[in-house]
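> Turn this into a model:
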Amino acid sequence: MVKKLTAVTAVAMLMTGVLSACGASGTNTNDAADANANAGTNAGANTDNTTAGADAKPADADASKKIVIKYWYAFGDKIEEAKLHMVDTFNKSQDKIEVVAEHQGNYDDLHAKVQAAFAAGDAPAVTDLEISSTGVFAHSGMLEELTTYAERDKEQLKLDDFNPGLMGNAYVDGKLYGLPFMRSTPILYKNVTMLKDAGLDPAGPKTWDELEEYSRVLKGKGKVGMTVPADIWYYEGLVAQSGGHMLSEDGKSAAFNSPEGVAPVEFWKKLSSEGLIKIPMGDEAGPTADKDWANQLSAFKFGSTAGVTGSLEIAKGNGFEMDTAFMPSNVSYGVPTGGCQLVITSKSSDEEKEAAWEFLKWMTSKENTIYQHKHVGYLPTRISAVESDELKAHFAEFPQFKVAVDQLEFARPRPMENAYPEVAKIIKEAIEKAILDPKVSPQDSLNEAAEKANKLLSK
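Sure thing, here's the model as predicted:
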């Protein structure tokens, strides 16, 4: 069992800026594409959706009698547009609750501000929470447990309608703390035009070996197979594909220095050293990968499913055809989930908590998951949404959106140990060191990282 953190300790950890997958762009990389690839409009999105909830009612009640709660959220552009639309529609749909939505930057910014506000006794009733941070927040006593609420309203909530591949990070110690909201997985983005021009089958690459083969052909054409940051989120996926795990089953020791965890770094180092892929480093690594793909310098990139909308617009604007696919497999397919869930903070009043719960149920409804998926690209979190006629028609017209849904069959939750944010930073630095220094082996670098990680995990 992970030891409980005080709120002050949690604040210190989160202020390091390395909550879970903190990527090269300075944002949590399980949604790095959120900040970079969603400014475009979705060719299939209904930006004037008024069916995402109950029919609007006249605002004839005295505003002073409404329960007013704050909702803090992360990211802008298409993501912010979708969230504000849903909040506005919720407020208009009834006359008892008023939700005030406030933008708080990326996930790291948001988490740090929520922590500070909680310590000051002024936390929002509802907030986005990046999934791997759920353990830290729950163990520090900042989150309201939702098990009782869900059981009470089980007929209305239909908890079993949420895709089971997205529920792993909703629970801490067997207790429910969040509802899946804007959730994602990394997927493979492909420049189909570039592949056809190189004489390659655009249906691939489906495996690591095929990715290497494709990259060799593309190198002969003066291109790069893939530009990919040494990203902890993507690395988690490659470890899963190799049959490995990031941590031991009890979460108290590192497992990423096993042969299955070393294999991805050896693969990246080999392809990078031969000029088959490009691995940028530093704060601009994520944006560099996006730019190389957009400018047709590389045929492939990994990115969040939240980037599908923006990537379609980029491809159209730059005159090439794009498609999406599963992350290529090694011994099997495997992918981490990402994105956020909605949570309620524990110091809110009972009245605010009840209002917050009504808001959570509404925001995660079938209708709203359809809306936000079409508008942005995040996963439709509910099975009923995936099976709806509306999304079936959408997938038929834009199959790029369905890939992440199908890939959930191979999804894994992200580690939620209190120390994992710092461990993730250590792993990322070890990967970069192994790739940059030809004298450092991936095994030795990850062994060193494991020693550091074990000291944190065993506390």
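
> Assumed residue 209 was part of a helix.
Yes - counting by DSSP: H, G, I helix; E, B strand; the rest coil, residue 209 is part of a helix.

> all helices for the stretch 201-350 of the chain, in order.
Along the stretch 201-350 of the chain, counting by DSSP state H, counting those that start in this stretch, helices occupy 208-220, 232-241, 259-273, 285-294, 308-317, 350-363.

> most neighbours per residue, which of the ones you listed?
Greatest average neighbour count among those goes to helix 232-241 (a mean of 26), per mean count of other Cβ atoms under 10 Å. Placement of C-beta: from N, CA and C, glycine included.

> what does that helix rub up against?
20-23, 29-30, 32, 186, 208, 228, 245-246, 256, 260-261, 263-265, 267, 302, 327-336, 338, 410, 412, 414, 424, 427-428, 431 (Cβ atoms under 8 Å, 6 or more residues apart in numbering).

> just so I know, which of the helices of the stretch 201-350 of the chain lies nearest residue 163?
Set against residue 163 and scored by Cβ to Cβ, these come closest in helix 350-363, at 16.2 Å.

> and the closest one, how far out from the chain's middle?
24 Å (Cα atoms, centre = their mean, to the nearest Å).

> and if you look at stretch 184-204?
So, by Cα atoms, centre = their mean, the centroid of stretch 184-204 is 22 Å from its chain's centroid.

> ok, back up a step: now the helices of the stretch 201-350 of the chain in TSV, with mean pLDDT?
Listed next are the helices of the stretch 201-350 of the chain as TSV, based on pLDDT from 0 to 100:
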stretch	mean pLDDT
helix 208-220	98
helix 232-241	97
helix 259-273	98
helix 285-294	95
helix 308-317	93
helix 350-363	98
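
> Make CSV out of those helices and add distance to residue 92.
Listed next are the helices of the stretch 201-350 of the chain as CSV, based on distance: least, Cβ to Cβ, whole Å:
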stretch, distance to residue 92
helix 208-220, 48
helix 232-241, 36
helix 259-273, 48
helix 285-294, 36
helix 308-317, 25
helix 350-363, 12
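
> nearest to residue 437, of those helices?
Across these, closest to residue 437 is helix 259-273 (Cβ to Cβ), at 9.8 Å.

> tell me the average confidence for stretch 154-169?
Mean pLDDT, stretch 154-169: 93.

> For it, buried residues please.
157-158, 161-163, 165-169 (16 or more other Cβ atoms under 10 Å).

> Can you tell me which of those residues is closest to residue 221?
For these, the nearest to residue 221 is residue 165 (37.2 Å; Cβ to Cβ).

> Can you point out the buried residues in the strand or helix carrying residue 434?
Per DSSP states H and E, residue 434 falls inside helix 420-436. The neighbour-count check on helix 420-436 (16+ other Cβ under 10 Å) flags 420-428, 430-435 as buried.

> Out of those, which one has the weakest pLDDT?
The minimum pLDDT among those falls on residue 421, with 87.

> I'd say that one and residue 134 touch.
No - using Cβ atoms under 8 Å, residue 421 makes no contact with residue 134, being 11.7 Å away.

> Domains in the protein, by residue range?
For the chain, automatic domain parsing gives the domain ranges 7-184+338-412, 187-336+415-457.

> what's the closest of the helices of the stretch 201-350 of the chain to residue 101?
helix 350-363 (10.3 Å).

> any weak-confidence spans in this protein?
Judged by pLDDT under 70, the chain has its weakly predicted residues at 1-64.

> Recalculate using a threshold of 50.
1-61 (pLDDT under 50).

> And the strands in it, which stretches?
Taking DSSP state E, the strands of the chain run over residues 67-73, 97-103, 126-130, 171-172, 175-176, 179-184, 186-191, 224-227, 277-278, 298-304, 322-325, 335-336, 338-344, 411-412.

> Please point out which parts of the second one sit buried.
By neighbour count, with 16+ other Cβ under 10 Å as the criterion, the buried positions of strand 97-103 are 97-99, 101.

> Export the residues you listed to a markdown table and append columns for distance to residue 279.
Shown next, in a markdown table, are the buried residues of strand 97-103 (distance: Cβ to Cβ, whole Å):
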| residue | distance to residue 279 |
| --- | --- |
| 97 | 48 |
| 98 | 48 |
| 99 | 42 |
| 101 | 38 |
